[in-house]
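1. need a 3D model of the sequence below.
(chains A and B)
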Amino acid sequence: AQSVTQPDIHITVSEGASLELRCNYSYGATPYLFWYVQSPGQGLQLLLKYFSGDTLVQGIKGFEAEFKRSQSSFNLRKPSVHWSDAAEYFCAVGVIAGYSTLTFGKGTMLLVSP
Amino acid sequence: ETGVTQTPRHLVMGMTNKKSLKCEQHLGHNAMYWYKQSAKKPLELMFVYNFKEQTENNSVPSRFSPECPNSSHLFLHLHTLQPEDSALYLCASSQDNNYGYTFGSGTRLTVV
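-> Numbering: from 1, shown residues only, chains lettered A, B, ... in the order given. Sure, this is the predicted structure:
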C-alpha cells in the first residue's frame, strides 16, 4: 500500500527566508505527486503536481517541488517566504485504480515569524 | 469560490440527531469523494463515487451513509454519531485524467 511521510509536524521560518518542506513516499510504481495547502477553516488548495517529465515542478504562489526517484522524495521549496504563507501543507501520492484516489501525509504546519 | 461548495460550514448535533452534509460541484468532474480530517491525523478517505457509482467504502461505520444522486451532488447522511466523529468533513471532486482534486471548504462537525 502507498504511504506518505512528512517528517516535520511544525516548521518556523523567518519572513523572507527560504523554505523547504520534506515529503517522502512509498509506492510500488511511478507516483503521481501533489502538494496542497490549507489555511485555517478552509479546504485544501492544490499548489502543484507531478505526473511525469521534468522533475522540477513549478506551482502557484512561487512554490516549486523537485521529484527525486532515488530518494523517494518530493520536497516543496520557496525561495522567500511571506507571512501569508503560514498554513498547513500536505503532500499526497496518487494511486491509479480506475479512478484517482489520493493518500495524504499528516501535514506540516508552517509558522512565519517577523 | 473553489468550484466545490459544501453546506453547512458548521454543524453542531446531538448523538441522537439525524443530519445531512451537502456537496455540490459544477466543474464537470466525474468522481466525488468524502474525506474526514481529524486533529493530528492524516486525511482519511471515507467514500468514493465514480460516475455516481460508489467504488470505495473504507470501512466507514454505518452511521455514515453517502448518497450521490447525480454527478454534481454528493450527500453524507449522519445518524447516531459519537463525539469522536467530530471533525472537518471535506468533499472533493476530480476528473480521472487529471488526478488532482478540487476541495470544498469543508463542514466543521461537532457532536455533543
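2. so which residue is dead centre in chain A?
-> The centre of chain A sits closest to residue A:35, judged by CA atoms, centre = their mean, with a distance of 3.4 Å.
3. sec struct for the residue lying closest to it once chain neighbours are set aside, please.
-> With CB to CB, 6 or more residues apart in numbering or on different chains as the criterion, residue A:35 has its nearest non-adjacent residue at 4.4 Å, and that residue is residue A:47. C-betas here are computed from N, CA, C, even on glycine. Three-state call for residue A:47 (DSSP: H, G, I helix; E, B strand; the rest coil): strand.
4. what about residue A:47, neighbour count?
-> 22 (other CB atoms under 10 Å in any protein chain shown).
5. and it, how close does it get to residue A:110?
-> As defined by CB to CB, to the nearest Å, residue A:47 lies at a distance of 12 Å from residue A:110.
6. and what of residue B:106?
-> According to CB to CB, residue B:106 stands 20 Å off from residue A:110.
7. just give me the longest strand of chain A.
-> Of all the segments assigned as strand in chain A under DSSP state E, the longest by residue count is strand A:87-96.
8. residues in contact with that one?
-> A:2-4, A:6, A:21, A:23, A:25, A:27, A:29, A:31-40, A:44, A:47, A:74, A:76, A:100-105, A:107-110, B:43, B:99 (CB atoms under 8 Å, 6 or more residues apart in numbering or on different chains).
9. with neighbour numbers in mind, choose between residue B:106 and residue A:110.
-> Under the criterion of other CB under 10 Å, the comparison of residue B:106 against residue A:110 puts residue B:106 first, with 24 against 21.
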